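**Q** starting from these lines, generate the structure:
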Amino acid sequence: MILAPETPLTGRRSGIFSRIFSGLRSGVAPTQSRSAFFHNPDDGITGSIAPLASGAAQLAARLPGLVVHAERIAATVAAGQHGRRRAGPGETFWQYRPAQPGEPVTRIDWRQSARSHRAYVRETEAEIAQTVWLWCDLSPSMAWSSCPDDGQTQHPQKRDRAILLLLALATLLENGGERVGLLTSDGPAMLPPDAGRIATRLALSLGTLAGRPSQSLPLAAMLPRFAKLIIASDFLGARTGLPHLFRHLAARPVSTQLLQIVDPAERDLPYAGRIRFVGTEDEPDLTLPRVEALRQDYGKLFSERQQYLRTLADASGHALLTHVTDQSPATALLTLSSSLTGQIRPGMRG
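**A** Numbers count the residues shown, from 1 in each chain. This is a model prediction of the structure:
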């Protein structure tokens, strides 16, 4: 199979919402008295160093809390080793099998053999550590969240929820004896060697990466063959480049889990009346009357986009998990970790 050379897919993208009306995915400010959500229009606009630095500083202030939360979630979801479900060196019992001619006597389990007329060998489950690579979308549009109708609490930012799930997953993997790496547009990141647990080390590196003016999706050539990769993003940018990337990952092959993070407002468009939409990346500001009149057509376009992603993931042999930020992160983590161990078929959604 011959593939065209890879091209980085940059973080500056118009997004699905720009095709409907410019700027929805980046920010909303009502022109009426009701507040749709809390948003700083100057926070995190691509190409401006000061807002990026401010956004990175705000993220860094939240990272310690995200680390603690991630480790708590990991502790409730699973504990122990991440087995290979095949015979090999390890300590966890897997199965008994009949002894073969010429089998060393020292491998025979005499207690189990005494229960029948055959000799049995006790096999343990292979526990071979591997590296699972993580990539997180830190573009400005990910640093966004909506506010529910009650106006009292705000949903977590998409970027915070993506980081939380990746840190929790890394904790699970480390507890299971696996190695975890962080991938950037420039290749593998150097994690701080003396910063303690894997969640803390990853958080420090992600906090540094958040201050960069632009990022691009990882190139398949950066990963070893038969690696495992988790890509956390909203995947709401332009479609150009995604099929190209997914084909290259599948050709190596790299087993890829797509973790899509979506805000409830991006799914439902709950706003009504005259609303001013403010963009955080390339989108211009736009004021629209009677936004509720667009809700039905918007829902169809959003569903079509989701179906496109599912079809693309299935065709490339990758797994897609869509997580909405008003849902439990523990449930998403359980589905994600199960998918990594091969218990969920590619394309399955949670």
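
**Q** how many neighbouring residues does residue 274 have?
**A** Applying other CB atoms under 10 Å, we find 13 residues neighbouring residue 274. The way it works is simple: take the backbone N, C-alpha and C, and place the C-beta from them, glycine included.

**Q** now that it has come up, it's in contact with residue 293, right?
**A** No - here residue 274 lies out of contact with residue 293, judged by CB atoms under 8 Å, at a distance of 11.6 Å.

**Q** list of residues touching the strand ranked longest in the chain?
**A** Secondary structure of the chain per DSSP state E: the longest strand is strand 255-262. Applying CB atoms under 8 Å, 6 or more residues apart in numbering, the contact partners of strand 255-262 are 142, 158, 161-162, 165-166, 226-236, 246, 249-250, 309, 313, 316, 318-325, 332, 336, 339-340.

**Q** write the PyMOL selection for whichever of those are buried.
**A** With 16 or more other CB atoms under 10 Å as the criterion, this PyMOL line picks the buried residues out of the contacts of strand 255-262:
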select buried, resi 142+158+161+162+165+166+227+228+229+230+231+232+233+234+235+236+246+249+250+309+313+316+318+319+320+321+322+323+324+325+332+336+339+340
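
**Q** residue boundaries of the strands in the stretch 251-350 of the chain?
**A** For the stretch 251-350 of the chain, the strands defined by DSSP state E, counting those that start in this stretch occupy 255-262, 275-277, 286-288, 319-324.

**Q** in CSV: those strands, plus mean pLDDT.
**A** Supplementary listing: the strands of the stretch 251-350 of the chain in CSV, determined by pLDDT from 0 to 100:
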stretch, mean pLDDT
strand 255-262, 94
strand 275-277, 78
strand 286-288, 78
strand 319-324, 95
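
**Q** deepest of the ones you listed, which one?
**A** strand 255-262 (a mean of 25; mean count of other CB atoms under 10 Å).

**Q** which stretch of helix or strand covers the residue positioned nearest the centre of the chain?
**A** Nearest to the geometric centre of the chain sits residue 232, at 2.7 Å (CA atoms, centre = their mean). Counting by DSSP states H and E, the element that carries residue 232 is strand 228-233.

**Q** likewise for residue 66?
**A** Judged by DSSP H and E, residue 66 forms part of helix 49-77.

**Q** one more: residue 162?
**A** Per DSSP H and E, residue 162 falls inside helix 158-175.

**Q** which strands or helices does that helix pack on?
**A** Contacts defined by 3 or more CB pairs under 8 Å, 6 or more residues apart in numbering; DSSP states H and E place helix 158-175 against helix 49-77, strand 131-136, strand 179-184, helix 198-209, strand 228-233, strand 255-262, helix 329-340.

**Q** let's have the ones you listed in TSV, adding distance to residue 96.
**A** Listed next are these as TSV, based on distance: least, CB to CB, whole Å:
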stretch	distance to residue 96
helix 49-77	30
strand 131-136	31
strand 179-184	31
helix 198-209	35
strand 228-233	30
strand 255-262	31
helix 329-340	26
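
**Q** which one, of these, ends up nearest to residue 281?
**A** helix 49-77 (11.2 Å; CB to CB).

**Q** now the closest one, how far from the centre of its chain.
**A** Counting by CA atoms, centre = their mean, to the nearest Å, helix 49-77 is centred 15 Å from the centre of its parent chain.

**Q** list the helices and strands it packs on?
**A** Going by 3+ CB pairs under 8 Å, 6+ apart, helix 49-77 lies up against helix 158-175, helix 198-209, helix 329-340.

**Q** for these, which one ends up most surrounded?
**A** The most buried one of these (mean count of other CB under 10 Å) is helix 158-175, showing a mean of 26.

**Q** could you pull up the mean pLDDT of that helix?
**A** Mean pLDDT, computed over helix 158-175, is 93.

**Q** and for stretch 65-72?
**A** Mean predicted confidence for stretch 65-72 is 91.

**Q** for it, which positions count as buried?
**A** Counting neighbours by 16+ other CB under 10 Å, the buried set in stretch 65-72 is 66-67, 69-71.

**Q** quick one: which of those residues is nearest residue 210?
**A** Using CB to CB, the buried residues of stretch 65-72 come closest to residue 210 at residue 66, 12.3 Å.

**Q** what residues are up against that closest one?
**A** 160, 163-164, 167, 203.

**Q** and with 6 Å instead?
**A** By CB atoms under 6 Å, 6 or more residues apart in numbering, the contact list for residue 66 reads 163-164.

**Q** count the neighbours of residue 194 for me.
**A** Residue 194: 5 surrounding residues under other CB under 10 Å.

**Q** and it, how far is that from residue 168?
**A** Counting by CB to CB, to the nearest Å, the separation of residue 194 from residue 168 is 22 Å.

**Q** do the same with residue 277
**A** Distance of residue 277 to residue 168, given as CB to CB: 32 Å.

**Q** next one: residue 319
**A** According to CB to CB, residue 319 and residue 168 sit 18 Å apart.

**Q** likewise for residue 230?
**A** 12 Å.

**Q** now swap in residue 311 and tell me
**A** 29 Å.

**Q** got the end-to-end distance for stretch 231-241?
**A** 14 Å (CA to CA, to the nearest Å).

**Q** quick one: average confidence on that stretch?
**A** Rounded mean pLDDT across stretch 231-241 is 82.

**Q** how far does that stretch sit from its chain's centre?
**A** 12 Å.

**Q** equivalent analysis for stretch 224-234, please.
**A** With CA atoms, centre = their mean, you get 9 Å for stretch 224-234.

**Q** for the spatially most distant residue from the centre of the chain, which residues are in contact?
**A** Taking CA atoms, centre = their mean, the residue of the chain most remote from its mean C-alpha position is residue 117, at 51.9 Å. With contact set as CB under 6 Å, 6+ apart, residue 117 has no partners.

**Q** kind regards, and thank you for your time.
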